[in-house]
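Engineer: Could you work out the structure for the sequence below:
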Amino acid sequence: MESYKERHVTWLENFYDLIVAIIVFQLSRELVQNVTVYGFLSFVALLIPVIWPESNKAIDTTAVEKCSLI
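Structural biologist: The predicted structure follows:
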């Protein structure tokens, strides 16, 4: 039977997630006010640089956890 070590989130990670959520919220408000093709493209163009590091952080965290179990 494998034993898994429980990982706790740090305050800094929570703060970073809060900042990302606020940025996505602000971008979505701008999209609601400008519902056009240009508004959607600008939303996507501004969302990608915000979401990309967040997804990389999740992938890296998962990879580190799996490597530490081996």
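Engineer: Which residue would you name as the spatial centre of this protein?
Structural biologist: Geometric centre of the chain, nearest residue: Glu54, 3.2 Å, by C-alpha atoms, centre = their mean.
Engineer: Check the gap between the closest residue to Gln33 other than its chain neighbours and Leu27 for me.
Structural biologist: If the residues on either side of it in the chain are set aside, Gln33 comes closest to Gly39, at 7.8 Å by C-beta to C-beta, 6 or more residues apart in numbering. In short, each C-beta sits where N, CA and C put it, glycine included. As judged by C-beta to C-beta, to the nearest Å, Gly39 and Leu27 stand 10 Å apart.
Engineer: for Ser55, same thing?
Structural biologist: Taken as C-beta to C-beta, the span from Ser55 to Leu27 is 16 Å.
Engineer: quick one: which of the two has more around it?
Structural biologist: The residue with more neighbours, out of Ser55 and Leu27, is Leu27; 16 against 9, by other C-beta atoms under 10 Å.
Engineer: The more buried one is in contact with Leu47, isn't it?
Structural biologist: Yes - contact between Leu27 and Leu47 holds when scored by C-beta atoms under 8 Å: they sit 5.7 Å apart.
Engineer: returning to that earlier point: list the contacts for the residue nearest to the centre of the chain?
Structural biologist: 17, 20 (C-beta atoms under 8 Å, 6 or more residues apart in numbering).
Engineer: do that again at 7 Å, thanks
Structural biologist: Val20 (C-beta atoms under 7 Å, 6 or more residues apart in numbering).
Engineer: Distance of it relative to Thr36?
Structural biologist: Counting by C-beta to C-beta, the gap from Glu54 to Thr36 is 27 Å.
Engineer: Same question for Glu13.
Structural biologist: 36 Å.
Engineer: Over to Leu47?
Structural biologist: The spacing between Leu47 and Thr36, counted by C-beta to C-beta, is 16 Å.
Engineer: ok, those two, which is more surrounded?
Structural biologist: It is Leu47, of Leu47 and Thr36, that has more neighbours when counted by other C-beta under 10 Å, with 15 against 9.
Engineer: Check which helix or strand the more buried one maps to.
Structural biologist: When elements are assigned from DSSP states H and E, Leu47 belongs to helix 37-69.
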